[in-house]
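Asks: The following comprises the amino acid sequence and a computationally predicted model.
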2 protein chains.
Amino acid sequence: MKRRPGLWTVIDGRGMAFERLLHRLRERGGAATSPRIDREVKRIVEQVRRGGDRALVAFTRRFDRVRLRPQELSIGPEELRVAERALPRRQARALKLAARRIAAFHRHQLEKGWIYRDGSGFRLGQKVEPLERVGVYVPGGTAAYPSSVLMNVIPARVAGVREIVVATPPRRGGVPLSVRAAAAVAGASALYQMGGAQAIAALAFGTESVPRVDKICGPGNIYVTAAKRMIFGQVDIDMVAGPSEVLVVADSAARARLVAVDIVAQAEHDPLAAAILVTTSSALAYRVTREVDTLLETLPRRRIARRALERFGATVLVGGVEEAAEVVNRIAPEHLQLMVQRPGRLAGLVRHAGAIFVGSDTPVALGDYIAGPSHVLPTAGTARFSSPLGVYDFLKRSSVVQASPAVLEKLGRVAAELAEMEGLGAHALAVYERLGYNQA
Amino acid sequence: MKRRPGLWTVIDGRGMAFERLLHRLRERGGAATSPRIDREVKRIVEQVRRGGDRALVAFTRRFDRVRLRPQELSIGPEELRVAERALPRRQARALKLAARRIAAFHRHQLEKGWIYRDGSGFRLGQKVEPLERVGVYVPGGTAAYPSSVLMNVIPARVAGVREIVVATPPRRGGVPLSVRAAAAVAGASALYQMGGAQAIAALAFGTESVPRVDKICGPGNIYVTAAKRMIFGQVDIDMVAGPSEVLVVADSAARARLVAVDIVAQAEHDPLAAAILVTTSSALAYRVTREVDTLLETLPRRRIARRALERFGATVLVGGVEEAAEVVNRIAPEHLQLMVQRPGRLAGLVRHAGAIFVGSDTPVALGDYIAGPSHVLPTAGTARFSSPLGVYDFLKRSSVVQASPAVLEKLGRVAAELAEMEGLGAHALAVYERLGYNQA
């Protein structure tokens, strides 16, 4: 029998096949930029920076094949609310409930400033302020993802960002109703019909019609990603996100059908999506793959799901809960689903994962839409060093430092000693002048 | 009389000259990369990625003109402690006091995870974990900055990062004693003698002798910056930092001599450093420039300071405290020094600044060395969207989501509704399968 690929082959959590899997997962997203694309994007970015609206509408005509005058780029809050009212009632209710829950979760992430006086009399603290303006990019293409609009805009709004603009490529038939409605429900200030590198440049530098923002979030194609990387530093950007992924840990008590559904749900996103089953039970692994086969017969998006599972699916057999945790921490998955008898214990051992779904009653799909945390999560192992999109991404801190003559007396000479050690004479003088003054 | 440039010309906070100043300040740092440098850096990064130690020592020989075997790259904690003991006693004491104070401030930034159950029975929370490994780059060149080692390493250590490695270019005479000692005092795990793009690549991908890290911080030359930008995404990086800057707000009650010393202290860092005086009093402005002239006659680093003040110095006249705050917020300075009679009121109006130094007893020099907050601060207006280096840069979050049959019953259908709206059938199925199960 021919060896079946991906999910259908069981590999050992400690062998070389696992190392190869790790490598394959990380390289998968590899925002595969090329010098040619970089050059083209650079040209677009520079032209929009210099030419403003004129360059923006010219690129829009060329790349999106839509003619817009500058004043037609923007859809204001009134028009967005019209879209919200035009949405079928059940859909509008669902979006609003999701929005309320997302806002409620994110309010827990709000931070306050603080200040204290230490033993030497120094007052030290931290001031916390929201960014002023944020741009959220929403990709075009065939599908419309209103949930992504909520998941990007609401954390910014909860943080207190005053102006949140959504940018999305214009379509001949107009921006999808669900996207416009979601922008209204999320509380976006305006929606701009612009896409690609030209949209990123317009947000980063501003044009006559587009406000310059302080941060740009949201996924996009290779041109959008290259442009974000290019303007990083001028404005902030979110993480460069790759294709989605799930790691399900399941033991012999898990229901194979549910595990299979969750795996297939991840795989239906994208042919580059990854779904890994980690289990102590080869019997379960067998049952899960059987159920996956059944699902792949009828699922509407079965071709996408099958491609993903053959290339980026895997079944990893482990000896116990510690080894399962080790596999999780090495992969650092975007979504981690724990379908084991004592999920709390395993969750405690997990150090690296974007979001942890605890227990069989918690499919990732709940988190994608309604639980509350943003579904914008670190992919391709970047959970090793980054966090879900959250309120903290839209806040920033300023240090606050206040000395007194007594503090200067106690600590000034030490500061001057260090300044002299580094050859910075005026730094030392800034202290000595004050000490002389205080002693006078 | 010839119009004198920079600091010596008074401009209006609401005129076009101010807009030009803003532009000049932001462009000043402009990590001016070129396609040629990008290509060269890409080649270096790729070769180290593939060739590991062999490529790393080859580039070290070529660029730093130092021959090292792979096992000589690293200076371990024992050797670093020897350096600490070899330091003059006063200097060692000063470094240790600074380290204690930096650690004490940063402990206030530690975050704990949290979890709550909401009205629908959903358990939602956030897990907080430190990064595992961090690399700190310390530039070579003529000067040695032990304070930068403390200010980068200690926040990571307080966050709980297990392994913190310092990378600094090898020198013929060895890495400066003060830098080695500071690495020991800060609690670094090891110091690697490697520099440039090859050091960044080694940290990002790992070699036989260099551990792969999750985040790279610290300033560097144009090659280091280009390499960091290139590997961003594989590992995290800190902000691309530009030249240092101060904005001093002073009123007629301020002592001109002190204002002048602080301005000159900033300017002595770098010919690209910026120092802006914002004042309501043209009499004070006049006295400050006179004092600056006096200081520039004797200061050891006067040539650097004068160049900086002529090009990136400015005196901005404002009508009152609100206008001063507006100027501050538009510039978003790295260092903000408030030498006014009611500094607290002005501090309250400030939204964008890296660090705020409140009152005449608090020169920036205290913050550079001994106050506690990291002196690694956002430059060139990036305080609009970024924060001082802190513990939060070395922590990351995972969302935690736990539903129950009752939650599924209440919210499952709404999630499925949204999934269907986006055409994701298996997502809806993941909910319906469970609802069927629960209803059975």
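Replies: Received it, and whenever you're ready, just let me know what you need. The structure displayed is predicted, hence computed values, not measured ones.

Asks: tell me the SS of residue A:428?
Replies: Secondary structure state of residue A:428, per DSSP: H, G, I helix; E, B strand; the rest coil, is helix.

Asks: Grab the longest helix from chain A for me.
Replies: When chain A is parsed with DSSP state H, its longest helix is helix A:89-107.

Asks: Identify the residue spatially nearest to residue A:98, adjacent ones excluded.
Replies: residue A:370 (5.2 Å; CB to CB, 6 or more residues apart in numbering or on different chains). All C-beta spots, glycine's among them, are computed from the backbone N, C-alpha and C.

Asks: What's the separation between the residue nearest the centre of chain A and chain B?
Replies: By CA atoms, centre = their mean, chain A has its centre lying nearest to residue A:376, at 3.7 Å. For residue A:376, the distance to chain B equals 10 Å [CB to the nearest CB, to the nearest Å].

Asks: Let me know the secondary structure of that residue.
Replies: Under three-state DSSP, the three-state class of residue A:376 is coil.

Asks: How about the contacts made by it?
Replies: Counting by CB atoms under 8 Å, 6 or more residues apart in numbering or on different chains, residue A:376 makes contact with A:148, A:151-152, A:217, A:238, A:241, A:388-389.

Asks: now do residue A:374
Replies: A:102, A:106, A:151-152, A:154-155, A:388-390, B:399.

Asks: Pull up the residues of the stretch 51-200 of chain A that are close to chain B.
Replies: Residues of the stretch 51-200 of chain A lying close to chain B (CB under 8 Å from any CB of the partner chain) are A:90-91, A:93-95, A:97-98, A:101, A:104-105, A:108-109, A:114, A:116, A:118, A:122-124, A:126-127, A:129, A:131-132, A:143-147, A:178.

Asks: ok, which pair from the contacts of residue A:376 is furthest apart?
Replies: Farthest pair in the contacts of residue A:376 (CB to CB) is A:148 and A:388. Separation: 13.5 Å.

Asks: With neighbour numbers in mind, choose between the two.
Replies: Using other CB atoms under 10 Å in any protein chain shown, the more surrounded residue of residue A:148 and residue A:388 is residue A:388, with 25 against 22.

Asks: pLDDT weak spots in chain A?
Replies: Judged by pLDDT under 70, chain A has its weakly predicted residues at A:1-3, A:29-33, A:142, A:437-440.

Asks: If we use 50, what do you get?
Replies: A:1, A:437-440 (pLDDT under 50).

Asks: Let's see which of the contacts of residue A:374 end up in strands.
Replies: Among these, the residues falling in strands (DSSP state E) are residue B:399.

Asks: Let me have the contacts of residue A:374 in TSV, extended by distance to residue B:317.
Replies: Output for the contacts of residue A:374, formatted as TSV (distance: CB to CB, whole Å):
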residue	distance to residue B:317
A:102	47
A:106	42
A:151	46
A:152	42
A:154	42
A:155	40
A:388	46
A:389	42
A:390	42
B:399	50
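
Asks: For residue A:10, state which of the contacts of residue A:374 is nearest.
Replies: residue B:399 (29.7 Å).

Asks: Next, the contact list for that closest one, please.
Replies: A:354-356, A:367, A:373-374, A:377, A:388, B:124-127.

Asks: Just the residues you listed: which are in strands?
Replies: Under the assignment DSSP E, the contacts of residue B:399 contribute A:355-356, B:124-127 to strands.
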